[in-house]
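**Q** Whatever this is, show me its structure:
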Amino acid sequence: QVQLVESGGGLVQAGGSLRLSCVVSGRTIRGKGMGWFRQVSGKERECVAAINWSGGTAYYADSVKGRFTISRDNAKNAVYLQMNSLKPEDTAVYYCASRSELDVGLSVRAYDYWGQGTQVTVSS
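**A** Presented below is the predicted three-dimensional model:
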């Protein structure tokens, strides 16, 4: 059974930082693209960052470029999202996702497995 477990969410003031972690079990992430998405109630889930199998290619949504960094540790079967200079509009539930393909995936449909989500709340 494949499980993705996110951690690291919480409440932070604007300008602060959080680091989200996603540990995968039941499936190796080697050779697979990974992504972080976020969703606000009533809105579609959007990709904020994605990384290819080697970590050599990353995608960032325009809204988070220069503030968020995605990384992966294949030995730990984990992916991370470092979030700096957080803004109130970053408030959302953040989800980790895994896909079978090597490359970066940008859409919800591109991913096979999802975590349960972790809440990030940024106060002004």
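
**Q** Strands of the protein, start to end?
**A** Secondary structure of the chain (DSSP state E): strands at 3-7, 10-13, 18-25, 34-39, 46-51, 58-60, 68-73, 78-83, 92-98, 113-114, 118-123.

**Q** Could you tell me which strands sit next to the last one in the sheet, and their orientation?
**A** Just to be clear, that refers to strand 118-123. Taking DSSP bridges as the criterion, strand 118-123 forms sheet pairs with strand 10-13 (parallel), strand 92-98 (antiparallel).

**Q** same thing with the third one?
**A** Partner strands for strand 18-25, per DSSP bridges, with pairing direction: strand 3-7 (antiparallel), strand 78-83 (antiparallel).

**Q** how about these in TSV, adding mean pLDDT, mean neighbour count and distance to residue 96?
**A** Placement of C-beta: from N, CA and C, glycine included. TSV is the format used below for the strands paired with strand 18-25 (pLDDT from 0 to 100; neighbours: other C-beta atoms under 10 Å; distance: least, C-beta to C-beta, whole Å):
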stretch	mean pLDDT	mean neighbour count	distance to residue 96
strand 3-7	97	17	5
strand 78-83	98	23	6
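
**Q** Perfect, that will be all.
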